[in-house]
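Colleague: coords below, sequence missing:
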């Protein structure tokens, strides 16, 4: 069984994009992060900004056990993952979640 919140740097591909940072996460905590993202997107400060679109953009679809995110989403989740794990910040890389049991 894979340990949740561990980070590895094995390459994964989604179309033409290579993701070189993978975080193990359970579906339960993925739902928590999705809810936090939705709350953030609806805050007044994002209503007229492109950032809102970047945060919302296709997050949460599980493809073969992986959830791919853009860099804006990664930066947003970085603060929550730090709170959940007391770990170091994520590197500036394309990042995806690997769903673990």
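Modeller: Received, thanks. Since the structure is predicted, the reported quantities are computational estimates derived from the model, not experimental observations.

Colleague: neighbours of residue 97, how many?
Modeller: Applying other Cβ atoms under 10 Å, we find 25 other residues in the vicinity of residue 97. For the C-beta atoms, the positions are set from N, CA and C on the backbone; glycine is no exception.

Colleague: what residues does it make contact with?
Modeller: By Cβ atoms under 8 Å, 6 or more residues apart in numbering, the contact list for residue 97 reads 22-25, 30, 66-67, 69.

Colleague: bridging residues for residue 66?
Modeller: Under the criterion DSSP bridges, residue 66 forms beta bridges with residue 63, residue 98.

Colleague: my bad, should have said residue 12
Modeller: Bridge pairing for residue 12 - DSSP bridges - gives residue 19.

Colleague: could you report the pLDDT at residue 40?
Modeller: What the model reports for residue 40 is a pLDDT of 78.

Colleague: give me phi/psi at it?
Modeller: For residue 40, the backbone dihedrals are phi -70, psi -40 (criterion: degrees, to the nearest 10).
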